[in-house]
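J.: let me see the structure of the following:
(3 chains)
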Amino acid sequence: MPTTGLVWLRRDLRLADNPALAHALNVCERVVPVFIDAPDEEAPWSPGAASRWWLHHSLARLAANLHALGSGLILRQGPTLSTLAELIDACGATHLFWNRLYEPAALARDQNIERWACERGLTVASFNASLLHEPWTLHTGKGTPYKVFTPYWNACLKQPSPSLPEPAAARLPALPPSLHSLPLAALGLLPQIAWNSGLHASWAPGEAGANAALHDFVAEPMLQYRSARDIPADPGTSRLSAHLHFGELGPRQIWHACLTSKAGAEAYLRQLYWREFAHHLLYHFPHSADSPLDARFASFAWLNDEPSLAAWRGGRTGIPIVDAGMRQLRHTGWMHNRVRMVVASLLTKNLLQPWQAGARWFWDTLLDADLANNTLGWQWVAGCGADAAPFFRIFNPILQGERYDADGIYVRRWVPELARLPARWIHRPFEAPPDVLNAAAVRLGRDYPWPIVDLKGSRQRALAAWGDIKGAAS
DNA sequence: TGAAATGTTGGGGCG
DNA sequence: ACGCCCCAACATTTC
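T.: Reported below is the predicted structural model:
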């Protein structure tokens, strides 16, 4: 019987720079790549519909790539532990390898599986495929986790440089004939309703698509990243987030690709380190996905107003840059980061809705939904997280629109009923003269809503509420 | 990885 | 010609 190892794939859906796979190929004669769909095991943060759409296509690409190298991908549905046990029995595996995850539910599940596998006498090892620095390797001088980005970043830069990513193997051993895979369709990852028609036009899930996106970004947009990244109508960002979430690409590969091509790399890599910081925080503060890191916000009087939430989700707030962002999210499963901050600020500060409600909607609709990043982003905007925005920093969505979408290109693209308004009024149709509205065929309250909130008054309300918290005892 | 309120300055219209 | 006022434009402070 040849030495057989399972490589339990999760969110490391690539062949290059995959240390669990590489290690298995080193120590085993037969290597069995396995993916087990078990969304319940990630509850209460089971992947949403958009994320599962991406996963379907990423798995399809991965299976094809494995097949082309002489192997294949064994697909199963959970529960994970009994499924692994069955696979191990079926092929006589003695080794089990995986690349680590860092979310609280996955950590607990994986520890349980590691204990079980050790008790069974299997050789078990896990590896780092998705972070530049393991969360437990960095701490402040006092031995505590970092809670401020800049010192965290400085500490990262003092660490040894990320190792060079290993290329994919040229050839893989064949799968044992005793194993069969479920057909991909049996996992039921694709949505029942056909809202996903727009996704194919925008995205190419899979390792090849990820590397093409990285290559394209580094060749051109990265050179102007510092300024272009804030313009939502421009292709100035990397758009690698979903590829990164599913591990079609790892941060080591990005790090090396950026540094070998110099210009613009620093500003972009800083963003990559925000992702690292988010994982550091979620690892050390596992409750923060659901509860504010700043305990003073535990009793904050959020409004929980369903009509406000519905208008925000649906892109019907009457504030063009916000509605454009929310509709881009619905149609493409993605939103530009500048606009994510603006829509989150409106929801939490102006509408006083709980950041958790916004985080949940992003979780369900983003292709790149990632618990660490989502948690950091929402707590940052709401002012209750680590290194959060000062409470008095409240975005004015009109000014943000006029500053970063001066010509209204982004609004016109996603809010077509406003497309005929001149740039002067595109971000404030509610202040436009009647003849301007008539000429643009915009009837407020019919073709496009009046604003659901008074920005000036709600800003004052938020300042007062956050000011109270600031004075409260922690 | 703000915005608004408040303060200051300097050019130009105008009595 | 001179001083007064207005108000951009910019800087500083405050939330």
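J.: wasn't A:Leu352 part of a helix?
T.: No: applying DSSP: H, G, I helix; E, B strand; the rest coil, one finds A:Leu352 to be coil, outside a helix.
J.: state the pLDDT value of it.
T.: The model reports A:Leu352 with a pLDDT of 97.
J.: any idea how far A:Pro320 is from it?
T.: Distance, A:Leu352 to A:Pro320, using C-beta to C-beta, to the nearest Å: 21 Å. (Glycine included, C-beta is placed from N, CA and C.)
J.: neighbour count for these two, which is higher?
T.: Higher neighbour count among A:Leu352 and A:Pro320: A:Pro320, with 30 against 19, using other C-beta atoms under 10 Å.
J.: correct me if wrong: that one contacts A:Pro416.
T.: No: the pair A:Pro320 and A:Pro416 fails to qualify as a contact (C-beta atoms under 8 Å) at a distance of 11.3 Å.
J.: longest strand anywhere in chain A?
T.: For chain A, the longest strand by residue count, based on DSSP state E, is strand A:30-37.
J.: past that strand, which element shows up next along the chain?
T.: Note on strand A:30-37: by DSSP states H and E, the next helix or strand toward the C-terminus is helix A:49-68.
J.: show me what the helix-or-strand element of chain A with minimal mean pLDDT is in contact with.
T.: Lowest on mean pLDDT, DSSP states H and E among the helices and strands of chain A sits helix A:197-202, with a mean of 82. Contact with helix A:197-202 is made by A:50, A:53, A:331-334, A:367, as judged by C-beta atoms under 8 Å, 6 or more residues apart in numbering.
J.: farthest-separated two in these?
T.: Greatest spatial distance in these: A:Trp53 and A:His331, 13.0 Å, computed using C-beta to C-beta.
J.: with neighbour numbers in mind, choose between those two.
T.: Here A:Trp53 and A:His331 are compared on neighbour count by other C-beta under 10 Å; more neighbours surround A:Trp53, at 22 against 18.
J.: who does the helix or strand following the least confident helix or strand of chain A touch, helix- and strand-wise?
T.: Per DSSP H and E, helix A:197-202 leads on to helix A:207-219 as the next helix or strand towards the C-terminus. Where contact means 3 or more C-beta pairs under 8 Å, 6 or more residues apart in numbering; DSSP states H and E, helix A:207-219 is packed against helix A:49-68, helix A:241-245, helix A:251-259.
J.: got the CA positions of the shortest one in PDB?
T.: Backbone C-alpha positions of helix A:241-245 (Å, rounded to 0.1, in the frame of the first residue of the first chain) are rendered in PDB as follows:
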ATOM      1  CA  SER A 241     -10.200  40.600  -2.600                       C
ATOM      2  CA  ALA A 242     -12.300  37.600  -3.500                       C
ATOM      3  CA  HIS A 243      -9.300  35.800  -5.100                       C
ATOM      4  CA  LEU A 244      -7.500  36.300  -1.800                       C
ATOM      5  CA  HIS A 245     -10.400  35.200   0.300                       C
END
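J.: anything in it near DNA strand B?
T.: No: Helix A:241-245 lies apart from DNA strand B when judged by C-beta under 7 Å from any atom of the strand; the minimum separation is 12.7 Å.
J.: mind putting the helices and strands packed on helix A:207-219 in TSV, distance to A:Ala201 and mean pLDDT included?
T.: Formatted as TSV, those follow (distance: least, C-beta to C-beta, whole Å; pLDDT from 0 to 100):
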stretch	distance to A:Ala201	mean pLDDT
helix A:49-68	13	97
helix A:241-245	15	98
helix A:251-259	25	95
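J.: indicate which one of those helices is closest to A:Asp305.
T.: Closest to A:Asp305 of those, according to C-beta to C-beta: helix A:49-68, at 24.7 Å.
J.: parallel or antiparallel, which strands does the next helix or strand after the closest one pair with?
T.: Tracing the chain C-terminally past helix A:49-68 and defining elements by DSSP H and E, one meets strand A:74-77 next. Strand pairing for strand A:74-77, using DSSP bridges, gives strand A:30-37 (parallel).
J.: done for today, thanks.
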